[in-house]
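Enquirer: Got a predicted model here, sequence first, then my questions.
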Amino acid sequence: MFLQFVKDEVMPYVNEHYKTQPFTIFSGHSLGGLMTTYCLVNHPDYFNAYIAVSPALWVDRNAEVKDVIEHLKPGELKHKFFL
């Protein structure tokens, strides 16, 4: 729901009121890094690049790591950047 809000409300507002480029980046640290990783796996079309700085992947007994393993297919994120 938060990511949907960012995509549907925040990004259009920012693009309308500020000078932006068409290349979008989602970044976060710790729990924000966990959210960044979640967004990459579940909504890879939302942004062009994802930067997860020290993501809290240990949360919920490494659930996000397991989610990545289960959901990502080889080559699925071929044109995405993840740091």
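Expert: Ah, there it is.
Enquirer: When you work out contacts or count neighbours from here on, use the C-alpha atoms and nothing else.
Expert: Fine.
Enquirer: pLDDT at the residue of the chain most remote from its centre, what is it?
Expert: Taking Cα atoms, centre = their mean as the measure, the residue most remote from the mean C-alpha position of the chain is residue 17, 22.9 Å away. For residue 17, the model assigns a pLDDT of 98.
Enquirer: again with residue 65
Expert: For residue 65, pLDDT reads 72.
Enquirer: again, but for residue 2
Expert: pLDDT, read off for residue 2, is 91.
Enquirer: Endpoints of stretch 66-78, how far apart?
Expert: 20 Å (Cα to Cα, to the nearest Å).
Enquirer: neighbouring contacts of it?
Expert: 41, 44 (Cα atoms under 8 Å, 6 or more residues apart in numbering).
Enquirer: go with 10 Å
Expert: The contact list for stretch 66-78 (Cα atoms under 10 Å, 6 or more residues apart in numbering) reads 37-38, 40-42, 44-45, 57, 63-64.
Enquirer: next one: stretch 18-28
Expert: 11, 14-15, 32-37, 39-40, 46-55, 81-83.
Enquirer: Out of the residues you listed, which sit inside helices?
Expert: Those of the contacts of stretch 18-28 mapping onto helices are 11, 14-15, 32-37, 39-40, per DSSP state H.
Enquirer: Right, I'll leave it there.
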